[in-house]
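Enquirer: A structural model of the following input is requested.
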Amino acid sequence: KNIFPSITFTQVFNVFSYYGYTKEVSFTLAKLCTYDGYLPQGSPASPYLSNVVCKKHHFSARTHYTIINNNIEIYLLLRFNVVLITWCMAYSLKHIMTRIQDFFLCLIRLGTSASADIPARMDVDWYSLEDLANEQYLLGVMLDGVEKLPRELRPEKKAIIQSIGQMIQSEHQYAVQEQAAADMALLMHQHGIKTYVLKGAVVAECYPRPEHRRSVDMDCFLLPEVGTEDVWENGNCVVEEAGFSVARGFYKNSTFHLPGLAVENHRFMTPFRGSARLKRLEKLLQRMIGEDSGSDRFEGTWLYRPPVMVSALFLIEHAYSHFLHEGLTWRHVLDWAMFSRRHREEIDWNSFEAYIDEFGFRRFYDSYARLGRFILDELSSDDLPPADRRMLEDVWAPLDLHETLHGLKAKFQLAGNYWRARWKYRLFTDMTWLRALMEWVLGAVFDREPRVG
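Expert: Okay, here's the model as predicted:
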């Protein structure tokens with residue numbers, strides 16, 4: 001019964017080294033298979049390794065035939081052992097990650113006041129939790145949850161100090177962006193243009209602490225203060241006259257950088273080129289925002305909030321496109337959950353649900369909305385159907401960000417992106433990935449200068 005503790009790290013290392021593994025691999029495998037320098041009791045790897053070590057001591061007394069057979073047996077045992085170790089590592093990492101994910105969700109629920117449940121203990125690595133929060137663009141919200149933990153459950157200050165520094169920097173950036181947006185809106189107002197905010201601050205104000213919703217740019221839509229003319233290009237010229245360059249290379253929006261703020265000036269709110277369905281949605285959104293009275297402004301600024309239905313449909317279409325082409329983060333899911341919770345009484349839900357069906361978002365929206373209820377602790381993971389769980393896996397996975405290419409490489413990249421997303425089209429849309437690709441190609445070839453009307 002004492003055979004395992006009598007076999008040392010060095011002996012295990014020599015076994016792997018003897019059978020052809022490099023020193024680095026042998027060292028790593030030996031570290032995985034030992035504890036405090038010896039084979040541990042209870043490990044599935046210990047019986048096989050002890051068998052190999054003991055047999056090596058008796059090779060000299062064996063016949064050539066026996067040695068060959070033993071080598072085959074040892075080789076098979078080692079191969080099985082490596083597979084077993086790999087499986088055990090994957091199983092352990094999965095459960096470690098599950099604990100980190102569970103604790104992350106717990107802190108997000110605390111930070112958004114969706115739940116007051118306090119975990120019994122904090123048995124996860126803070127740095128892994130911090131990395132996860134940054135990947136999900138929710139570090140500030142998670143730290144709001146940490147503030148609600150009892151002191152004995154909070155991370156040590158030396159561990160959390162970097163996160164606090166990031167949050168302070170994010171708060172400063174938010175204030176700079178807020179002022180820059182207000183200055184831009186004032187400039188547009190002086191030229192008879194109204195600046196509507198898409199997403200951004202409209203969603204951030206639905207969070208308990210808006211400055212903790214991370215944002216990297218501002219999306220806006222411009223309308224004339226008088227009349228119905230298209231003032232998108234007028235706004236671009238205003239920015240250029242103020243001394244800033246404007247990029248107009250993309251049909252959907254122009255981009256420019258003001259001090260402390262990157263701006264996407266939307267000519268269109270949806271990527272409708274090639275899609276008759278999205279073009280209908282674009283017409284609807286532009287009609288709704290064009291009929292707005294312009295009475296709902298952010299306090300002290302010339303920044304306007306769009307009608308609630310416009311923001312709701314814009315959020316769904318944006319999340320839908322993001323999911324298909326790059327993936328979702330919990331920030332995307334939480335944005336809709338917080339927005340729909342705050343504006344629950346203002347949204348005409350019968351009309352909204354009809355639009356979801358009309359524009360082909362039904363399969364996506366149902367899962368997306370349930371994940372929103374899940375993160376707000378209104379549903380448990382057991383309440384999620386299989387399709388929702390598939391989307392949940394995608395939310396936890398890193399975004400599929402890809403380098404922007406040009407020419408022939410770009411065409412192959414595009415086809416590859418649609419191919420990788422084929423399961424998403426199968427489960428969450430009413431079209432195939434190939435049809436979606438063809439719509440995009442036909443739009444790019446035959447509709448280079450798209451128009452809504």
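Enquirer: tell me the helix or strand right after the least confident helix or strand in the chain by mean pLDDT.
Expert: The helix or strand of the chain with the poorest confidence is helix 64-111; it has a mean of 59 (mean pLDDT, DSSP states H and E). Later in the chain than helix 64-111, the nearest helix or strand by DSSP states H and E is helix 126-135.
Enquirer: which helices and strands does that following helix pack with?
Expert: helix 64-111, helix 139-147, helix 157-190 (3 or more C-beta pairs under 8 Å, 6 or more residues apart in numbering; DSSP states H and E). In short, each C-beta sits where N, CA and C put it, glycine included.
Enquirer: and residue 43, how many neighbours does it have?
Expert: Per other C-beta atoms under 10 Å, the neighbour tally for residue 43 reads 18.
Enquirer: do the same with residue 237
Expert: Residue 237 has 12 neighbours, counted by other C-beta under 10 Å.
Enquirer: how far away is it from residue 151?
Expert: 56 Å (C-beta to C-beta, to the nearest Å).
Enquirer: what does residue 141 give?
Expert: 20 Å.
Enquirer: more crowded one of these two?
Expert: A direct count of neighbours by other C-beta under 10 Å for residue 141 and residue 151 places residue 141 higher, at 27 against 5.
Enquirer: not counting sequence-adjacent ones, nearest residue to that one?
Expert: Closest residue to residue 141 apart from its sequence neighbours, by C-beta to C-beta, 6 or more residues apart in numbering: residue 111 at 4.3 Å.
Enquirer: repeat that for residue 217.
Expert: In space, residue 217 is closest to residue 262, 4.0 Å off (C-beta to C-beta, 6+ apart).
Enquirer: distance of the one you found from residue 195?
Expert: 15 Å.
Enquirer: those two: which has the busier surroundings?
Expert: Shown here are residue 262 and residue 195; by other C-beta under 10 Å, residue 195 has more neighbours (26 against 14).
Enquirer: wasn't residue 221 part of a strand?
Expert: Yes: Residue 221 forms part of a strand when assessed by DSSP: H, G, I helix; E, B strand; the rest coil.
Enquirer: I figured it hits residue 200, correct?
Expert: No: using C-beta atoms under 8 Å, residue 221 makes no contact with residue 200, being 11.5 Å away.
Enquirer: tell me which of those two has more neighbours.
Expert: Taking other C-beta under 10 Å, residue 221 and residue 200 do not tie; residue 221 has more neighbours (25 against 21).
Enquirer: got the phi and psi for residue 305?
Expert: phi -90, psi 130 (degrees, to the nearest 10).
Enquirer: was I right to think it contacts residue 194?
Expert: No: judged on C-beta under 8 Å, residue 305 makes no contact with residue 194 at a distance of 11.1 Å.
Enquirer: okay, those two: which has more neighbours?
Expert: Remark: of residue 305 and residue 194, residue 194 carries more neighbours, 22 against 18, as counted by other C-beta under 10 Å.
Enquirer: how much space separates that one from residue 11?
Expert: Where residue 11 is concerned, residue 194 sits at a distance of 77 Å (C-beta to C-beta).
Enquirer: list the beta-bridge partners for the residue nearest to residue 216 when sequence neighbours are not counted.
Expert: In space, and not counting its chain neighbours, residue 216 is closest to residue 262: 6.8 Å by C-beta to C-beta, 6+ apart. Under DSSP bridges, the beta-bridge partners of residue 262 are residue 257.
Enquirer: quick one, what contacts residue 262?
Expert: 216-218, 255-256 (C-beta atoms under 8 Å, 6 or more residues apart in numbering).
Enquirer: so which of these are in strands?
Expert: Applying DSSP state E to these, the entries found in strands are 218, 255-256.
Enquirer: residues in contact with the closest residue in space to residue 192 that isn't next to it in sequence?
Expert: Spatial nearest neighbour of residue 192, excluding adjacent residues (C-beta to C-beta, 6+ apart): residue 225 at 4.9 Å. Contacts for residue 225 (C-beta under 8 Å, 6+ apart) come out as 189, 192-194, 294.
Enquirer: which parts of stretch 337-344 are buried?
Expert: Residues 337-340 are the ones in stretch 337-344 that count as buried (16 or more other C-beta atoms under 10 Å).
Enquirer: swap in stretch 27-34?
Expert: 27, 29-30, 32-34.
Enquirer: from those, pick the one nearest residue 315.
Expert: residue 32 (45.8 Å; C-beta to C-beta).
Enquirer: if I look at the closest one, how far off is residue 5?
Expert: For residue 32, the distance to residue 5 equals 17 Å [C-beta to C-beta].
Enquirer: is it correct that residue 328 is in contact with residue 393?
Expert: No: look at residue 328 against residue 393 with C-beta under 8 Å: they stay out of range, at 10.7 Å.
Enquirer: overlap in contacts of those two?
Expert: Shared contacts of residue 328 and residue 393 (C-beta under 8 Å, 6+ apart): none.
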